[in-house]
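Peer 1: Build me a model from this:
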Amino acid sequence: MSKNIDINFNKNEDNMKLLVSSLKQKKQKIEEGGGVKNIRKQHEKGKLTARERLIKIFDSDSIIIDIGTFAADGMYLDYGGCPSAGVIIQIGYINQRICIVVANDSTVKSGAWFPMTAKKNLRAQEICMKNYIPIIYLVDSAGVFLPLQDEIFPDKEHFGRQFRNNAKISAMGIPQISSIMGSCVAGGAYLPIMCDEALIVEKTGSVFLAGSHLVKAAIGEDVDNEKLGGANTHCNISGVTDYKCKNENEAIKIIRELVSNIEDKKNNSFSRIKSKNPIKNIEEIYGILPKDRDKPYNMKHVLERITDDSYLREYKADYGKTLICGYARIDGWSVGIIANQRKIVKNGKGEMQLGGVIYSDSADKAARFIMNCNQKGIPLLFIQDVNGFMVGSRAEENGIIKDGAKMVNAMANSTVPKFTLIIGNSYGAGNYAMCGKAYDPDLILAWPTAQIAVMGGDQAAKVLLNLEENKLKKNNQILKKSDKSNLLKKIKEKYNSQMQPYYAASRLWIDEIIDPKDTRKFISMGIEMANNNNRKEFKTGVLQT
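Peer 2: Model (predicted):
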């Protein structure tokens, strides 16, 4: 390695380590939930926090991954914020059975449901339904956050959708278990009771359609919440709940026991052999992506740090070089990788191709490779650092739209699990073709270096400025040079802020921002949960040839 490369590597490494450090600090702050004061109040009531419950429910040696840590980050600031959307979702092992657990964080606004809370819960149910894995709800919520009720209550993907999903999950034969550990109010009362089995903790757990104050106002009855909907009422009289627990530890013990009795329907349909670590040093993954995102780099150097034995059997290696396609293993699992190549490369005709751009030959190659993976039952991993498809008269004459459509068709109709990792740019139609959120990836992850937008910041800012200038011209106004410069700067700052991974993660466009070194863990867990699913026959629509 030359001295110049060493210097660039060190700069890249320093930049990535700063981003990862910032990621961990942000995550640590979010994991404090409603803060020390509210955590203390929770303990004074004899209750564990949501994160304490999760630690106890999973196996002590379980690998655990989070979903939606940064949901609602920077949102709802007029109401004091809503860290992690007031609900924690983790995937891990309970008595060696992979499960997804949804835990209300009542230190955040008493566990009230914000719009992003609903979206996050629905994502958990989507993962459950797609992968046929048991789902456990640890319920402790004050119900809908009333100031924002119009954004969470009546629409298709709002609060009520989760109860519809409860019914669908049950019909699919997927186990659902709930534990009422705190408040469970109004419409939210249906979620735990529509599960297969419901537990309730004495003295702290309560479930009712209307609390004591509303009952008094509605029908004039004086009754306290414990008599109205506590453990004794629902286990001894109404029969609404199935298990009465003395405390939360007993509830967690019973949940773990119930999970251990679930039939294991795992297909073991995806190939897995003994895992091997990459030969190339995983620590070096920090130094590969250039700090200057316009500079090229070799995506194969990234792949060598995440694949078993640092091995990739490349498919059509000398054709369509701006997309790397190939077979590899990650933690023993067989995967088909489609990754954008950021190098400036020569195609088969000896012509130069821009890195990070999808050309006709690349799209054609990827479509064929995706179909091959479906034919063989191999999960797909898309690694994005893409500026979009090639444009211009020559690209159009080569049929870029036809080949791009072919790739999208094959990807969208895939029946094998799909995982998406955004490590750099994710722009325009490139986001779509490389399995963006709209195409139902089983998990969609991002490194702290990710940028998601219709186009790059400089380009977008100039387009938006041009639109603003045209608007002013219609009113016979002309921007001064200084005003033009200030407006361009303002537009660029706003646009760039919206490109950042935290903006995407707060809105659940991505499931999680991860440390690059955790890539293997997340992909392996994703395939493990997908291994429970019965795969459908692969079919595509009409493919233009």
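Peer 1: Which strands and helices lie in contact with the helix or strand of the chain with the lowest mean pLDDT?
Peer 2: Ranking every helix and strand in the chain by mean pLDDT, DSSP states H and E puts helix 457-474 at the bottom, with a mean of 78. Counting by 3 or more CB pairs under 8 Å, 6 or more residues apart in numbering; DSSP states H and E, the packing neighbours recorded for helix 457-474 are helix 481-499. Every residue, glycine included, has its C-beta placed from N, CA and C.
Peer 1: Next up, the contacts around the nearest residue in space to Asn532 that is not next to it in sequence.
Peer 2: Distance criterion CB to CB, 6 or more residues apart in numbering; nearest residue to Asn532, sequence neighbours excluded, is Tyr132 at 4.4 Å. Applying CB atoms under 8 Å, 6 or more residues apart in numbering to Tyr132 gives the contacts Met172, Ile174, Lys265, Asn532, Asn533, Asn534.
Peer 1: Now the phi/psi pair for Tyr132, please.
Peer 2: Dihedral pair for Tyr132: phi 60, psi 40, per degrees, to the nearest 10.
Peer 1: and it, how far is that from Leu19?
Peer 2: In this view, Tyr132 and Leu19 are 36 Å apart by CB to CB, to the nearest Å.
Peer 1: okay, the angle between the least confident helix or strand of the chain and helix 481-499?
Peer 2: Angle of helix 457-474 versus helix 481-499, following axes from the mean of the first three to the mean of the last three CA atoms, to 10 degrees, is 130 degrees.
Peer 1: Run through the chain and note the low-pLDDT ranges.
Peer 2: Flagging of the chain using pLDDT under 70 yields the residue ranges 1-5, 265-268, 544-545.
Peer 1: Try it again at 50.
Peer 2: 1-3 (pLDDT under 50).
Peer 1: In it, where's the longest helix?
Peer 2: The longest helix of the chain (DSSP state H) is helix 3-30.
Peer 1: any idea how far that one is from the chain center?
Peer 2: Averaging C-alpha positions (CA atoms, centre = their mean, to the nearest Å) puts helix 3-30 22 Å from its chain's average.
Peer 1: before we move on, what about stretch 317-331?
Peer 2: So, by CA atoms, centre = their mean, the centroid of stretch 317-331 is 24 Å from its chain's centroid.
Peer 1: Kindly check the end-to-end length of that stretch for me.
Peer 2: One end of stretch 317-331 to the other measures 24 Å (CA to CA, to the nearest Å).
Peer 1: That stretch: which residues count as buried?
Peer 2: Neighbour-count burial for stretch 317-331, counted by 16 or more other CB atoms under 10 Å, picks out Gly320, Lys321, Thr322, Leu323, Ile324, Cys325, Gly326, Tyr327, Ala328, Arg329, Ile330, Asp331.
Peer 1: Nearest to Gly34 among the contacts of Tyr132?
Peer 2: Ile174 (31.5 Å; CB to CB).
Peer 1: Please, which helix or strand holds the closest one?
Peer 2: Using DSSP states H and E, Ile174 is not contained in any helix or strand.
Peer 1: circling back to that earlier point, then the very next helix or strand once past the longest helix of the chain to PDB, C-alphas only?
Peer 2: Downstream of helix 3-30, the next assigned helix or strand under DSSP H and E is helix 36-44. Written as PDB, here are the backbone C-alpha positions of helix 36-44 (Å, rounded to 0.1, in the frame of the first residue of the first chain):
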ATOM      1  CA  VAL A  36     -33.600   9.500  34.800                       C
ATOM      2  CA  LYS A  37     -36.600  11.200  36.600                       C
ATOM      3  CA  ASN A  38     -39.200   9.200  34.700                       C
ATOM      4  CA  ILE A  39     -37.200   6.000  35.000                       C
ATOM      5  CA  ARG A  40     -37.100   6.500  38.800                       C
ATOM      6  CA  LYS A  41     -40.900   7.000  38.800                       C
ATOM      7  CA  GLN A  42     -41.300   3.700  37.000                       C
ATOM      8  CA  HIS A  43     -39.200   1.900  39.500                       C
ATOM      9  CA  GLU A  44     -41.100   3.500  42.400                       C
END
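Peer 1: Could you list the buried residues of helix 36-44?
Peer 2: Here helix 36-44 shows Asn38, Ile39, Gln42 as buried, counting by 16+ other CB under 10 Å.
Peer 1: and those as a markdown table, adding distance to Ala251?
Peer 2: Below are those laid out as a markdown table (distance: CB to CB, whole Å):
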| residue | distance to Ala251 |
| --- | --- |
| Asn38 | 21 |
| Ile39 | 19 |
| Gln42 | 15 |
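Peer 1: Quick check on the residue lying farthest from the centre of the chain: phi, psi?
Peer 2: What lies farthest from the middle of the chain is Asn476; by CA atoms, centre = their mean that is 47.4 Å. The phi/psi pair for Asn476 (degrees, to the nearest 10) reads phi 60, psi 40.
Peer 1: Distance of it relative to Ser485?
Peer 2: 22 Å.
Peer 1: Also Asn165?
Peer 2: From Asn165 to Ser485 the distance is 51 Å (CB to CB).
Peer 1: In terms of packing, which of those two has more residues around it?
Peer 2: Asn165 (21 against 12; other CB atoms under 10 Å).
Peer 1: Sticking with that one, tell me its helix or strand.
Peer 2: helix 161-171.
Peer 1: May I have that helix as PDB, with CA atoms only?
Peer 2: What follows is helix 161-171, C-alpha atoms only, in PDB (Å, rounded to 0.1, in the frame of the first residue of the first chain):
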ATOM      1  CA  ARG A 161     -54.400  -1.200  11.400                       C
ATOM      2  CA  GLN A 162     -52.500  -3.000  14.200                       C
ATOM      3  CA  PHE A 163     -55.700  -4.700  15.400                       C
ATOM      4  CA  ARG A 164     -56.500  -5.800  11.800                       C
ATOM      5  CA  ASN A 165     -53.000  -7.200  11.700                       C
ATOM      6  CA  ASN A 166     -53.600  -9.000  15.100                       C
ATOM      7  CA  ALA A 167     -56.500 -10.800  13.400                       C
ATOM      8  CA  LYS A 168     -54.500 -11.600  10.200                       C
ATOM      9  CA  ILE A 169     -51.400 -12.800  12.200                       C
ATOM     10  CA  SER A 170     -53.700 -15.200  14.200                       C
ATOM     11  CA  ALA A 171     -55.300 -16.500  11.000                       C
END
